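Peer 1: Let me see the structure of the following:
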Amino acid sequence: MKRPRHPRRGKTILVFAFVISAAVFGALMLQRYEQRRNPPPVPPHAQESGTVLVTLFFAAADGAGLVREGREVDTCGEPTECIGDLIAELASGPLGDLSPTIPPATSVRGVEVAGDLAVVDLGREFVDGLPAGSSAEMTAVYSISDTIAVNFPQIHRVGFRVDGEPVSTFGHLDLSRPLAPDFSLEQKSAVSPPAR
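Peer 2: Predicted coordinates for the structure are as follows:
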């Protein structure tokens, strides 16, 4: 004698399996989105005596996004001094095949840190030396803010001044409020190795 089939049981198992699969898939997608939006910060750590490994963001060789470049630099003291040194390293340009993001003559007039906010005061040559266009402006500003945020995880916002004056707009960018870093501009597949 045949047992009666329970079609409801099969449907219940199928629905249960689908719900579990959807939940796992959703959790994985959420985790991946969070990693893309806010990759784990890479804090500076001591290498040799007197040096530290930092991460700088330069423009990709094809101009499509930012790429990390690791670099050993001399250790520094206060965060304000260290942030100024990072911007000076950005101004010195990449050591590999990447493209510069800020003019080489860029000077840092001062840096202020208060809580999770860093305000950088750049010289007029920063504005005057950039090529025209929203792409160059966005690349320059986010290379600075992303570089600061990755090396100083406690910094979540970066404000800009030029020659001591607050900047409300920079070309097409609204800088009336401090910027949060934007790691979605980063090309994940291209990471330049540490350079000395």
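Peer 1: From Gly133, how far off is Gly171?
Peer 2: Gly171 is 8 Å from Gly133, where distance means Cβ to Cβ, to the nearest Å. Every residue, glycine included, has its C-beta placed from N, CA and C.
Peer 1: meant to ask about Arg68
Peer 2: Applying Cβ to Cβ, the value for Arg68 to Gly133 is 23 Å.
Peer 1: Neighbour count: the two, which is higher?
Peer 2: Arg68 (23 against 11; other Cβ atoms under 10 Å).
Peer 1: is that one in a bridge, and if so with what?
Peer 2: Phe57 (DSSP bridges).
Peer 1: okay but it is in contact with Leu56, surely?
Peer 2: Yes - counting by Cβ atoms under 8 Å, Arg68 touches Leu56, with 7.2 Å between them.
Peer 1: quick one: Ala105 and Ser143, what's the gap?
Peer 2: Distance, Ala105 to Ser143, by Cβ to Cβ: 16 Å.
Peer 1: So for these two, which sits in the more crowded spot?
Peer 2: Ser143 (22 against 12).
Peer 1: Okay, buried residues for the strand or helix carrying the more buried one please.
Peer 2: Here Ser143, judged by DSSP states H and E, is contained in helix 134-151. Neighbour-count burial for helix 134-151, counted by 16 or more other Cβ atoms under 10 Å, picks out 136-151.
Peer 1: what do you get for stretch 72-88?
Peer 2: Taking 16+ other Cβ under 10 Å as the criterion, stretch 72-88 shows Val73, Cys76, Pro79, Thr80, Cys82, Ile83, Gly84, Asp85, Leu86, Ile87 as buried.
Peer 1: okay, and the helix or strand of this protein with the least pLDDT?
Peer 2: Within the chain, confidence by mean pLDDT, DSSP states H and E is lowest for strand 45-46 among all helices and strands, at a mean of 44.
Peer 1: Which pLDDT value belongs to the closest residue to Ala132 other than its chain neighbours?
Peer 2: Distance criterion Cβ to Cβ, 6 or more residues apart in numbering; nearest residue to Ala132, sequence neighbours excluded, is Gly171 at 7.9 Å. For Gly171, the model assigns a pLDDT of 75.
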